[in-house]
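In: Quick one, fold the following:
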Amino acid sequence: MIERFYLKDYLSFKETELNLDTGLVVFTGPSGSGKSILMNAILASLGGTPCDASLCESSVTWDINTQEMGIENEDINVFKQIKKEKTRYFINNQSLSRKSIGAVASSYLRHLSLKDFSDFENENLLSIVDARIASKSKKITTLKEKYKKSFVEYIQVKKELSKIEEEEKKIVELKEFAAFEIKKIEDINPTVGEDEELMLVKKEFSRKEKVLESLESAMEIFNYEHLASSALDTLGVESSFFDDAMNELRAHFDSATEKFSALEDIDVEEILTRIEEISWIKRRYGSVEEALNYKELKKQELAKYENIEIAKSDLCDRYEILSTLVESLAAQISDLRENELVAFESALNSYLSSLYLRDATLSLKRQEYTLSGCDELSIALSDTALSKISTGEFNRLRLAILALKSEFMSKNGGVLMLDEIDANLSGEESMSVAKVLRTLSKHFQIFVISHQPQLTSMGDQHFLVYKDGTISKTKELSFNEKVDEIARIISGENISNEAKKFARELLEANR
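Out: Got it, this is the predicted structure:
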């Protein structure tokens, strides 16, 4: 429920605060006093509609699920809209977009002001019928669980089968392409690190002649090695260090000569060709590693294509089994719904009769399989399509549907906001609407603007919206103040004793 609402600086309202109860909450007041403005502000605080209030705030007891938005659920969650330079929206002081705020609130709040056909959608109507059946037997609950599980698998298998059939149409081309890609990589047969080794060989080739010439010239030093040793002996210097150095130098020169001489046996054209092949692999696939991974992937694809007939055969068998199972379960669910349809229509028409509406006719026909089965349930008012009936008839029919649904609700249904639902109704029609709303108020917190004494007298809580000069204000009414307000609705500003007496009798009767 919405426990508290606060509004500041919005059109004719300077400041107002409402502490709200459960059940049926009625707002009355003279025309132009600001009732619709107030209702709009409540919606705005919950992201339902924009408004220019400097602050509108609703404190709610909803157990909201906002983990994906990073908001912690509190015992009391505070929704607010603040406007300074620009309008901002918050839940528990966490800034969010109006769309996000509205998405959170939409699970708990409904504004029944326009021709919203969601209550007449097939899923909703079937859920009401199913709840009625389930109250007598749990068989439908078991059937629906089995059906949903089978239907989900059926759809998955159907998609996989369609995919295989699509692939099958181009299987030859796909197999040829996979085999071609594999052959290209295998013909070159690259190895990881080969490109670095080839570049090193190419680099050695480029400096081979220069290095060998340099080594040949440097070898002259060994022709004078004995002279240096003699000189050291003459000087009386131990020559072992010199001998070691010359031996190490000789080893380096011999190793280099051997390495570069070995290049004579390598075909430089083959090296260059191989470098170009590896470069092509890298350009096409990114790297040798990626090329080898791609080859393995294509081998797996090729194996899958070669086994596609086996996979298709298995899927076809599973599809046939699931088709039969889904069809059987849906038929059993349909039979239960068909058997309940007469009682459902009777219960609906009982509400419609009390609402002074024509009887509704229900029809159940087969449609494509969905998660709800294969039934399409539609409603017409005396064979008149819903799109053709008046707004007043539509809203009362919607109340009857909500009342039927509420009979089997196990928890609170949230908040309903109704804008002058009893406008242009007779006294009897208004009272019928009030009685249905009283029934609904056991499961919903209902905010309603009314200009009729019958609905007003049914309110669990009654707020007067009035103007003090040009400023709109609100006031929660006591019993005697309710009497005066209902009397004003009946007789106008000049309240008669008869109006007060009738008002008191209405309130006493509906206490």
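In: Pull the number of nearby residues for Arg88.
Out: Look at Arg88: counted by other CB atoms under 10 Å, it has 14 neighbours. (Glycine included, C-beta is placed from N, CA and C.)
In: One more: Ser217?
Out: Neighbour tally, Ser217, other CB under 10 Å: 9.
In: Roughly how far does it sit from His226?
Out: For Ser217, the distance to His226 equals 20 Å [CB to CB, to the nearest Å].
In: So what's the gap between the helix or strand hosting Val326 and the chain middle?
Out: Val326 belongs to helix 308-354 when assigned by DSSP states H and E. Centroid separation between helix 308-354 and its chain, computed with CA atoms, centre = their mean, to the nearest Å, is 27 Å.
In: Which strands or helices does that helix pack on?
Out: Secondary-structure packing of helix 308-354 (3 or more CB pairs under 8 Å, 6 or more residues apart in numbering; DSSP states H and E): helix 122-134, helix 139-169, strand 360-370, strand 373-381, helix 391-406, helix 427-440.
In: what's the pLDDT at the residue located most distally from the centre of the chain?
Out: What lies farthest from the middle of the chain is Thr234; by CA atoms, centre = their mean that is 97.4 Å. Looking at Thr234, its pLDDT is 86.
In: cool, Leu348 as well?
Out: pLDDT at Leu348 comes out at 92.
In: For the closest residue to Ser54 other than its chain neighbours, what is the enclosing helix or strand?
Out: Of all residues not flanking Ser54 in the chain, Asp9 sits nearest, at 4.0 Å (CB to CB, 6 or more residues apart in numbering). In the assignment (DSSP H and E), Asp9 maps to strand 2-10.
In: what comes into contact with the helix or strand that that strand is followed by?
Out: For strand 2-10, the following helix or strand on the C-terminal side (DSSP H and E) is strand 13-19. By CB atoms under 8 Å, 6 or more residues apart in numbering, the surrounding residues in contact with strand 13-19 are 3-9, 34, 37-38, 41, 53, 463, 471-474, 476.
In: Tell me the buried residues in strand 13-19?
Out: 13, 16, 18 (16 or more other CB atoms under 10 Å).
In: and that strand, how far from the chain's centre?
Out: That offset, for strand 13-19, works out to 35 Å (CA atoms, centre = their mean).
In: count of residues packed around the nearest residue to Leu109 once chain neighbours are set aside?
Out: Distance criterion CB to CB, 6+ apart; nearest residue to Leu109, sequence neighbours excluded, is Val415 at 4.7 Å. If you count neighbours by other CB under 10 Å, Val415 ends up with 23.
In: Looks like Ile182 contacts Lys299 (just checking).
Out: Yes - using CB atoms under 8 Å, Ile182 makes contact with Lys299 at a distance of 6.1 Å.
In: Among those two, which residue is more densely surrounded?
Out: Per other CB under 10 Å, whichever of Ile182 and Lys299 has more neighbours is Ile182, with 18 against 15.
In: Can you tell me, leaving aside adjacent residues, what's nearest to the more buried one?
Out: Nearest non-adjacent residue to Ile182 (CB to CB, 6+ apart): Lys298, at 5.1 Å.
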